[in-house]
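>>> after the sequence you'll find the predicted model.
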Amino acid sequence: MTIQAILKNKGAEVVAIDAAHPVVEAVRIMDKRKIGALVVTGQGEACSGIFTERDVMRALARHGTHIMDEAVAKHMTDRPQSILPDTSVEEAMEIMTEKRFRHLPVIADTTLCGIVSIGDLVNYRIHQTEQEANALKEYIATG
């Protein structure tokens, strides 16, 4: 299965924030939407960065609470690795595991198609494993 199928199932809505907005606004959006990352827009790119819970924690630990009033651009992950819609789920999981990413923007040409989280991919794998188990049970039951 490809990432495009994951986006089709979960929806391709992307929650984004402008790079100039303050960190506190990003934190409020992530809290309200119950998400762990925002795509950062600006500079004429589909995805100029990604701002995650980890970025917040790292900035707080290094610089203190005053970062909440600073621009997201100062603390975001600049130009994050992205994947294509036709990337396989297995390849995306491998990238996330090896590089310790929790989120990957999905970009085709210069268009942002969505964002996938490790949770999205794990949910897919669980569903796939359940389907395989049911197929095996059916096969065994019918001889």
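Received the coordinates, thanks. Numbers count the residues shown, from 1 in each chain.

>>> for the rest of this, base every contact and every neighbour count on C-alpha atoms.
OK.

>>> can you give me the helices for this protein?
3-10, 23-33, 53-63, 89-99, 118-142 (DSSP state H).

>>> report the central residue of the chain.
residue 103 (2.8 Å; Cα atoms, centre = their mean).

>>> so what's the nearest residue in space to that one that is not next to it in sequence up against?
Excluding its sequence neighbours, the residue lying closest to residue 103 (Cα to Cα, 6 or more residues apart in numbering) is residue 117, at 4.3 Å. Taking Cα atoms under 8 Å, 6 or more residues apart in numbering as the criterion, residue 117 is in contact with 102-104.

>>> returning to what we had before: can you tell me which of the helices of the chain comes nearest to residue 39?
Closest to residue 39 of those is helix 23-33 (Cα to Cα; 10.1 Å).

>>> ok, and for the closest one, which residues are buried?
Across helix 23-33, burial judged by 16 or more other Cα atoms under 10 Å covers 23-24, 26-27, 29-30.

>>> before we move on, what about stretch 7-18?
Neighbour-count burial for stretch 7-18 [16+ other Cα under 10 Å]: 7, 12, 16-18.

>>> again, but for stretch 90-103
In stretch 90-103, counting by 16+ other Cα under 10 Å, buried: 92-93, 95-96, 101-103.

>>> if we can go back for a sec, please convert the buried residues of helix 23-33 to JSON lines, extending it with distance to residue 125.
Formatted as JSON lines, the buried residues of helix 23-33 follow (distance: Cα to Cα, whole Å):
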{"residue": "23", "distance to residue 125": "33"}
{"residue": "24", "distance to residue 125": "34"}
{"residue": "26", "distance to residue 125": "30"}
{"residue": "27", "distance to residue 125": "29"}
{"residue": "29", "distance to residue 125": "28"}
{"residue": "30", "distance to residue 125": "25"}
